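Trainee: what follows is a predicted protein model with its sequence.
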Protein chains: 2
Amino acid sequence: MSQTTSGRLLELLSLLQGRRDWPGNELANRLEVSGRTIRRDIERLRQLGYPVESITGPAGGYRLRAGSAMPPLLLDDDEAIAIAVGLRTAARASVTGIEETAVRALVKLEQVLPAHLRRRVGALGSATFTPPVEGPTVNPQHLTVIATACRDSECLRFGYRSRDGTGSRREVEPHSLVNHGRRWYLAAWDRRRQDWRTFRIDRLAAPASTGVRFTPRQLPAKDAVAYVQQSIKTAPNRFEAVVTLHAAAEEITSRVPVYWGTIEPVDEHTCRYRTGDDDLRWLALRIAMLGVDFDVHEPPELAEHLRALALRLTRAAGSQRRA
Amino acid sequence: MSQTTSGRLLELLSLLQGRRDWPGNELANRLEVSGRTIRRDIERLRQLGYPVESITGPAGGYRLRAGSAMPPLLLDDDEAIAIAVGLRTAARASVTGIEETAVRALVKLEQVLPAHLRRRVGALGSATFTPPVEGPTVNPQHLTVIATACRDSECLRFGYRSRDGTGSRREVEPHSLVNHGRRWYLAAWDRRRQDWRTFRIDRLAAPASTGVRFTPRQLPAKDAVAYVQQSIKTAPNRFEAVVTLHAAAEEITSRVPVYWGTIEPVDEHTCRYRTGDDDLRWLALRIAMLGVDFDVHEPPELAEHLRALALRLTRAAGSQRRA
DNA sequence: CTTATTTAGGTCAGGATGTGTCCTCAATCG
DNA sequence: CGATTGAGGACACATCCTGACCTAAATAAG
């Protein structure tokens, strides 16, 4: 029984996080120490920078307030799972600009996530929402494997399906994981080809750390984001749409995430919308979902697709018995 | 300088969570203690149940492994934000079955989230994805306020817009927050009406804790979920759709989350899909997104809406210069 | 194989620290 | 006003923590 006091401090923190108000003597009973020690422990927490409020009088007690720094979070199993799942979706979101941080936090969490919880997260992850019309999806498992390898400078091996469909096995020294547009990219040094490459995460299969350490190289660019940008600027989406929306620009902008394209006002009641995607169905739906009238200028395939879709809807509606 | 050792233990844990491998003497430098003390601290962590692996020899060091219980998570600012945002989306998801836990974790986190971080989360939250055609959205801020009040047995005050559109101010003793279908409900004792009520979270405005404590009452049902179910079973969706899909049932089931309706096979190439929503546009899109041919049986409004949509799409496609 | 590096851990001495008991004060609620 | 609850000083005692020093074992590189 040596570090009872450190352990007790953590337990105390955990109790304070789990409920708002704790009378001192209840804490004393739980932790099996005298009330005086509890007061001293509270003082210790305060000195560590975690503000504990206290209320005197009957119905008084202690309460952990928000301070200026994050205290250690003490989570139970379910909460840890919820956080893991939440971070996975946040990492996948490609909306908020925190995807990379989410992955970093996920790496930190997964490193210490007990095995039985990891299994539960995995089970939930697969049951999780699969968008009906999906663009190629990034596997959050892959993200963490890759981010971990980046963080720890360990070589990675994976299969890769390049743009033209040919497959290959790669062995790389991963540099950074970058979220750009709605996609994830890995900037890495390809060991066989002896050169820098970027890989789209949704195109790679079964990434695994080889366990081999490497000494990080200097990326031939200002930073990873810049590098990825310059590597992919030549290869944007398969379809680039230009449409005129019959609605005010302001009305639309609030509803379209920036990464989904750009809105320019034309006049008070119309605006121009540019957006791209590899998948026509997805592209069409995105525009249709806006719920306003519009005209398609580019590309011809989109118009084609819309006509087909319209036909399908008309047929579906027409098949109803009542006119 | 008294509780240097507890503080140092936390710091050590934080370092070990932030990177994989740490040579002992680097830790010693960082924490400004001797190597012997580091070894002792590591031993302490192990005795607290946090498995620290060690590798001897050159290029050796310490490494925090996953154990059988969650260690305290030590997060930096950005990570805390990512987690908060992730939990918010997880709470809103209504897909995975972990929404309630996500809210609980969120409450725990928000209780200790420093003010400046809270502001950043708020900013991100508002910038966050707003679905183009949205059902009534639940404000995650409301969720945490309500969940906190439930946890701490504090009275709540809020405005409520009932089904028929009339508004009222309520003061309640919150009992539980329940996620059901795609919606959130609050089961609570209405103080003015002296009776139990359920409230749809997306219908209430500006919930705030009054600070008044109450002693929890017994809910007149097995549990909160049961209570909410029995209260709402009379009032499902505004529109209930029945359609026949021209695709195999298996193909569809994998792509439709259960709460979005039921699929029954009809024959090898067709199946019946039942789903409901308050919003026709949303309902229509959900079916259209499946990307298969279909026939609408119910309701007539849906057929109407589809025809209108089809017309819009045809016009949009036709307006292109090239045929 | 040898050597250098790194963790493991025993021992010791001296100072620092944690704990319970006892006490007085201050704040708050009914 | 009285009961309850936190704040915190004082003291004595046991415990613990730390750094210094030492030896052993594992491992990677030459």
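Mentor: Perfect, I can see it now.
Trainee: was I right to think A:G18 contacts B:K108?
Mentor: Yes: counting by CB atoms under 8 Å, A:G18 does reach B:K108; the two are 7.0 Å apart. Using the backbone N, CA and C atoms, a C-beta is placed for each residue, glycine as well.
Trainee: neighbour count: these two, which is higher?
Mentor: B:K108 (25 against 18; other CB atoms under 10 Å in any protein chain shown).
Trainee: distance check, the more buried one against A:P51.
Mentor: In this view, B:K108 and A:P51 are 16 Å apart by CB to CB, to the nearest Å.
Trainee: then A:D195?
Mentor: On the measure of CB to CB, A:D195 and A:P51 end up 53 Å apart.
Trainee: okay, these two: which has more neighbours?
Mentor: A:P51 (16 against 9).
Trainee: show me the contacts for the more buried one.
Mentor: A:P51 is in contact with A:L64, A:R65, A:A66, A:G67, counting by CB atoms under 8 Å, 6 or more residues apart in numbering or on different chains.
Trainee: and these, which of them are buried?
Mentor: A:L64, A:A66, A:G67 (16 or more other CB atoms under 10 Å in any protein chain shown).
Trainee: skipping adjacent residues, who's closest to A:L74 in space?
Mentor: A:S14 (3.8 Å; CB to CB, 6 or more residues apart in numbering or on different chains).
Trainee: the one you found and A:P71 touch, don't they?
Mentor: No: in this structure, A:S14 is not within contact of A:P71 by CB under 8 Å, at 10.4 Å.
Trainee: looking at these two, which has the bigger crowd around it?
Mentor: A:P71 (25 against 16).
Trainee: so where's chain A shaky on pLDDT?
Mentor: Low-confidence segments of chain A, defined by pLDDT under 70, span residues A:1-3, A:93-96, A:125-137, A:181-182, A:233-237, A:254-260, A:319-323.
Trainee: contact residues of it facing DNA strand D?
Mentor: Residues of chain A found near DNA strand D (CB under 7 Å from any atom of the strand) are A:1-3, A:5-6, A:23-25, A:35-36, A:39, A:42-43, A:54-62.
Trainee: tilt between whatever helix or strand A:W282 lives in and helix B:280-288?
Mentor: Using DSSP states H and E, A:W282 sits within helix A:280-288. With axes from the mean of the first three to the mean of the last three CA atoms, to 10 degrees as the basis, helix A:280-288 and helix B:280-288 are set at 180 degrees to each other.
Trainee: what is helix A:280-288 packed up against?
Mentor: On a contact count with 3 or more CB pairs under 8 Å, 6 or more residues apart in numbering or on different chains; DSSP states H and E, helix A:280-288 meets strand A:239-245, strand A:271-277, helix A:300-318, helix B:280-288, helix B:300-318.
Trainee: now the residue positioned nearest the centre of chain A: how far from A:L143?
Mentor: The residue lying closest to the centre of chain A (CA atoms, centre = their mean) is A:A91, at 0.9 Å. According to CB to CB, A:A91 and A:L143 sit 6 Å apart.
Trainee: next, count neighbours for the spatially closest residue to A:R191 that is not a sequence neighbour.
Mentor: Spatial nearest neighbour of A:R191, chain neighbours left out: A:E171 (4.8 Å); criterion: CB to CB, 6+ apart. For A:E171, the neighbour count with other CB under 10 Å is 16.
Trainee: what comes up buried for the host helix or strand of A:E171?
Mentor: Remark: A:E171 resides in strand A:167-180, with elements defined by DSSP H and E. Neighbour counts over strand A:167-180 (16+ other CB under 10 Å) mark A:R170, A:E171, A:V172, A:E173, A:P174, A:H175, A:S176, A:L177, A:V178, A:N179, A:H180 as buried.
Trainee: okay if I get the residues you listed as JSON lines plus distance to DNA strand C?
Mentor: Below are these laid out as JSON lines (distance: CB to the nearest atom of the strand, whole Å):
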{"residue": "A:R170", "distance to DNA strand C": "32"}
{"residue": "A:E171", "distance to DNA strand C": "27"}
{"residue": "A:V172", "distance to DNA strand C": "27"}
{"residue": "A:E173", "distance to DNA strand C": "22"}
{"residue": "A:P174", "distance to DNA strand C": "24"}
{"residue": "A:H175", "distance to DNA strand C": "25"}
{"residue": "A:S176", "distance to DNA strand C": "27"}
{"residue": "A:L177", "distance to DNA strand C": "28"}
{"residue": "A:V178", "distance to DNA strand C": "32"}
{"residue": "A:N179", "distance to DNA strand C": "34"}
{"residue": "A:H180", "distance to DNA strand C": "38"}
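Trainee: now, among the residues you listed, which is nearest to DNA strand D?
Mentor: Closest approach to DNA strand D among those (CB to the nearest atom of the strand): A:E173, at 15.9 Å.
Trainee: contacting residues around the residue of the stretch 51-200 of chain A found nearest DNA strand C?
Mentor: In the stretch 51-200 of chain A, the residue that lies nearest DNA strand C is A:G57 (2.9 Å; CB to the nearest atom of the strand). By CB under 8 Å, 6+ apart, no residues touch A:G57.
Trainee: can you list the buried ones among the contacts of A:P51 in TSV and add secondary structure and distance to B:T210?
Mentor: Shown next, in TSV, are the buried ones among the contacts of A:P51 (DSSP: H, G, I helix; E, B strand; the rest coil; distance: CB to CB, whole Å):
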residue	secondary structure	distance to B:T210
A:L64	strand	21
A:A66	coil	20
A:G67	coil	25
